[in-house]
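In: Predicted structure and sequence below. I'll ask about it afterward.
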Amino acid sequence: MPPYKIILADDHVLMREGLKRIIQEDPELQVVDEAGDGLELLEILERSTPDMVIIDINMPRLRGLEATKFIKELYPEVKVLVLTMNKSKELVYQAMKNGANGYLLKEDAHEVLQVAIERIRRGENYISPLIFDKPFSTL
């Protein structure tokens, strides 16, 4: 079985490097490219279609939520996992409305990242359990 191809999109190099190390612990997963902003990500997608994009919400030039919407319109088969520090249920809702398959927090443990990737890979959606540590009242 070919590896599950992932592109990382985050404007922080250190974050991308850490994610790459975690992801590559699983021999079935492969980070095939990286982008520092949303427009660079869309340029990469024009020449290389991954199975999944892991995308930060706050990036320069084209923010993650807008990029997610473009990705799902242009490449509906590509799974999108949003990765952010923001616990806002409103942002979770907006990300899912824009087509995201998952919403993960940067404070989640690396095992949670692995679970999220696996569930999304199987066709499920995944939202960080830390989102729901408070009453679900802001939607």
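Out: That came through, no problem. What you are looking at is a predicted structure, and each value in this text was computed from that prediction instead of being measured. Numbering: from 1, shown residues only.
In: can you map out the strands along the chain?
Out: Taking DSSP state E as the test, the strands found in the chain are 4-9, 29-35, 52-56, 79-84, 102-105, 126-127.
In: ranking these by burial, who's on top?
Out: Of all the strands of the chain, strand 52-56 has the most neighbours on average by mean count of other CB atoms under 10 Å, namely a mean of 26. (Each C-beta comes from the backbone N, C-alpha and C, glycine too.)
In: what lines up beside that strand in the sheet?
Out: Using DSSP bridges, strand 52-56 pairs in its sheet with strand 4-9 (parallel), strand 79-84 (parallel).
In: With respect to I44, which of these lies nearest?
Out: For these, proximity to I44 was assessed by CB to CB; strand 4-9 is nearest, at 6.2 Å.
In: Now for E66: which residues touch it?
Out: By CB atoms under 8 Å, 6 or more residues apart in numbering, the residues touching E66 are G38, N98.
In: Also Q30?
Out: Per CB under 8 Å, 6+ apart, neighbours of Q30: P3, Y4, K5, I6, I23, Q24.
In: Just give me the closest of the residues you listed to G99.
Out: I6 (16.9 Å).
In: And for that closest one, nearest residue in space, chain neighbours not counted?
Out: M52 (4.9 Å; CB to CB, 6 or more residues apart in numbering).
In: and what of E107?
Out: L130 (6.6 Å).
In: The one you found against D108, yeah?
Out: Yes - with contact defined as CB atoms under 8 Å, L130 reaches D108; the gap is 6.3 Å.
In: surely S128 meets V115?
Out: No - counting by CB under 8 Å, S128 sits too far from V115 to count as a contact (10.1 Å).
In: Which one's more surrounded, these two?
Out: Neighbour count, other CB atoms under 10 Å: between S128 and V115, S128 has more, with 22 against 16.
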